[in-house]
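[1] Dropping a prediction and its sequence here:
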Amino acid sequence: MGKLATGIGVDLTEDALDPLTALEHCSAPGHGAADLFIGRVRDINQGRQVRAVSYDLHAVLCRNVFIEICNQAREQWGETINLWLAHRYGRLEVGEASVIAAASSRHREESFRACRFLVEEMKHRAPIWKQEHYIDGDSEWVQGHALCGHG
Amino acid sequence: MGKLATGIGVDLTEDALDPLTALEHCSAPGHGAADLFIGRVRDINQGRQVRAVSYDLHAVLCRNVFIEICNQAREQWGETINLWLAHRYGRLEVGEASVIAAASSRHREESFRACRFLVEEMKHRAPIWKQEHYIDGDSEWVQGHALCGHG
Amino acid sequence: MTMKTETTRHSAITRTVPVRLFGAFRQFGDPPVVDVPLPDRARVTDLRSGLAEHYAGNDNALSLLRASAFATDETVLDDSDPVPQGRNLSVLPPVCGG
Amino acid sequence: MTMKTETTRHSAITRTVPVRLFGAFRQFGDPPVVDVPLPDRARVTDLRSGLAEHYAGNDNALSLLRASAFATDETVLDDSDPVPQGRNLSVLPPVCGG
């Protein structure tokens, strides 16, 4: 678990993700709104029946990218918003949570937008990969978004 | 607690709202995404320091309106999405959750949009009122959105 | 002329309906339900007038009433709707859930 | 001419750098870290060429490599960047978190 600025929390863990931890982090007496997103392992992807997914990630870089994404969200929607971004790695069964993003803010507009931002940026920029395990016994690394250099 | 169609859950209660109940309802093997919104009592509203808020609601009509809102969300984003909409009534202290809305779906776009829809429609259409209690001892009913007849 | 008198007689107050109060209407010291006298074949607009008479002289309540809607347990009503028979009726101030 | 020979000599292989593999690169039977020979003053494009030589003949790996980026623990690199000294280096296939 890592915190950079107060109000920003990121986590990369092999353990089950806990939405209550995210919601507790994303709360404050002045925050009337919190939005939380959970990504879970689906039973079917592109027509193939999935049994489980193994997530691989570059922990150090990923943590830095998560913090950078959170900082950018604060630049856009205000320094007072709280943000949480956590991703699990290792093998996950269908229905288990792979990612939790959350944001809290004074009013709901910022929470919804910032939470969505965390999810979209994570998907495009975070060094995370997944290998799907199908019920037929086959496994395959899922194609993703090519990363670009800084700038 | 009420359910109309499978996958739609609405609740009006004096008890503390539980985000885990909402997230459990909004999950399915085919659902890769869930979005959850929590509205909480803020410590300041329009410059006045709030100690607590009393929520009043028309339970029977409110339940009907909640179900109607959920049905409309399904018409827009698909019959397979799961939806949860719960509101608390009675006296709530600062930080306590007054409303929880959640949606789950195959992909994240529908979850985000449907959850946002539930919140916006609830705020405009549900027969719910709030009286703010200020730290100076004063109390006031908060002005809201006028309701319109059907059609 | 006789016809008109007949009509007037038919529109005279013939019943009262209980109207439940919510939200800011709770602040005027009424019980939770107010009985509103209504003419026969009344429309929602008559219900509004009846409740306005109840609040005669209370400018805050009258102002709130103008911004409020009437509803059954199933739906919000238009002023032109007939007052439904045998249904619970409520007066709903502007809402602010969440 | 002498100058050019000097330059060429300076660009000869002078070190190897360990490059960590992630995601689909794990499927080709390599250890988690591959040592890539590099000329002095190498740029990331040289790192890419060096790793391509490692995967010579493996079309799947070469195709994956073309879509991949190199990174330190702090940031993703451009092909025109110098290979940073004393930093952990990784090759990152296209990502798909969530």
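    That came through fine.

[2] for chain A, what helix or strand is lowest in average pLDDT?
    strand A:2-3 (a mean of 44; mean pLDDT, DSSP states H and E).

[3] Heading C-terminal from that strand, find the next helix or strand.
    Sequence order places strand A:8-13 as the next helix or strand after strand A:2-3, per DSSP states H and E.

[4] Please report how far the residue nearest to residue A:55 when sequence neighbours are not counted lies from residue C:83.
    Distance criterion C-beta to C-beta, 6 or more residues apart in numbering or on different chains; nearest residue to residue A:55, sequence neighbours excluded, is residue A:89 at 4.4 Å. For glycine as for every other residue, the C-beta is placed from the backbone atoms N, C-alpha and C. Computed as C-beta to C-beta, to the nearest Å, the residue A:89 to residue C:83 distance reads 63 Å.

[5] which of these two has more neighbours?
    Neighbours per residue (other C-beta atoms under 10 Å in any protein chain shown) separate residue A:89 from residue C:83, with residue C:83 holding more: 23 against 20.

[6] nearest spatial neighbour of the more buried one, skipping sequence neighbours?
    Going by C-beta to C-beta, 6+ apart, residue C:83 has residue C:42 as its nearest residue, at 4.7 Å.

[7] Now do the same contact list for the nearest residue to residue C:28 once chain neighbours are set aside.
    Distances taken as C-beta to C-beta, 6+ apart place residue C:61 nearest to residue C:28, at 5.3 Å, with adjacent residues excluded. Listed by C-beta atoms under 8 Å, 6 or more residues apart in numbering or on different chains, the contact set of residue C:61 reads C:25, C:28, C:55.

[8] Could you look up the SS state of residue C:61?
    helix (DSSP: H, G, I helix; E, B strand; the rest coil).

[9] For residue 81, which non-adjacent residue is closest in space?
    Since no chain was named, I'll use chain A. Here the residue nearest residue A:81, using C-beta to C-beta, 6+ apart, is residue A:105, at 4.4 Å.

[10] You answered for a different chain; I wanted chain C.
    residue C:44 is the one closest to residue C:81 (C-beta to C-beta, 6+ apart), at 5.0 Å.

[11] one step back: around the residue nearest to residue C:83, count how many other residues there are.
    20.

[12] Isn't it up against residue C:82?
    Yes. Counting by C-beta atoms under 8 Å, residue C:82 is a contact partner of residue C:42 at 7.3 Å.

[13] which secondary structure element contains the most centrally placed residue in chain A?
    The centroid of chain A falls nearest to residue A:99 when counting by C-alpha atoms, centre = their mean (4.0 Å). Assigned by DSSP H and E, residue A:99 belongs to strand A:97-105.

[14] Who is the closest residue to residue A:18 other than its chain neighbours paired with across the strands?
    Computed as C-beta to C-beta, 6+ apart, the closest residue to residue A:18 that is not its neighbour in sequence is residue A:100, at 8.0 Å. In this entry, residue A:100 is beta-bridged to residue A:38, residue A:86, by DSSP bridges.

[15] Could I get the contacting residues of residue A:100?
    Residue A:100 touches A:17-19, A:22, A:36-39, A:84-86, counting by C-beta under 8 Å, 6+ apart.

[16] and what of residue A:149?
    Per C-beta under 8 Å, 6+ apart, neighbours of residue A:149: D:69, D:75-79, D:81.

[17] That one and chain C, how far apart?
    Distance, residue A:149 to chain C, using C-beta to the nearest C-beta, to the nearest Å: 44 Å.

[18] Mind checking what secondary structure that residue has?
    Assignment for residue A:149 (three-state DSSP): coil.

[19] can you map out the helices along the chain?
    Because you didn't say which chain, this covers chain A. Here chain A has its helices, by DSSP state H, at A:19-25, A:59-77, A:108-125.

[20] meant chain C actually
    Taking DSSP H, the helices of chain C run over residues C:2-11, C:44-54, C:59-66.

[21] what residues does chain C put near chain B?
    C:20, C:22-24, C:26-27, C:67-69, C:71-79, C:81, C:88, C:90, C:92-98 (C-beta under 8 Å from any C-beta of the partner chain).

[22] If we use 6 Å, what do you get?
    Neighbours of chain B within chain C, by C-beta under 6 Å from any C-beta of the partner chain: C:22-24, C:67, C:69, C:71, C:73-78, C:90, C:92, C:94-98.

[23] For the residues you listed, which ChimeraX command selects only the ones that are buried?
    Only the buried entries of these go into this ChimeraX selection, using 16 or more other C-beta atoms under 10 Å in any protein chain shown:
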select /C:22,23,24,69,71,73,75,76,77,90,92,94,95,96,97,98
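
[24] so what's the closest residue to chain D within chain C up against?
    Residue nearest to chain D within chain C (C-beta to the nearest C-beta): residue C:98, separated by 28.4 Å. The contact partners of residue C:98, by C-beta atoms under 6 Å, 6 or more residues apart in numbering or on different chains, come to B:39, B:99, B:123.

[25] what residue ranges in chain C score low on pLDDT?
    C:1-11 (pLDDT under 70).

[26] pull the longest strand from it.
    strand C:13-21 (DSSP state E).

[27] show me which of the contacts of residue C:98 neighbour chain C.
    B:39, B:99, B:123.
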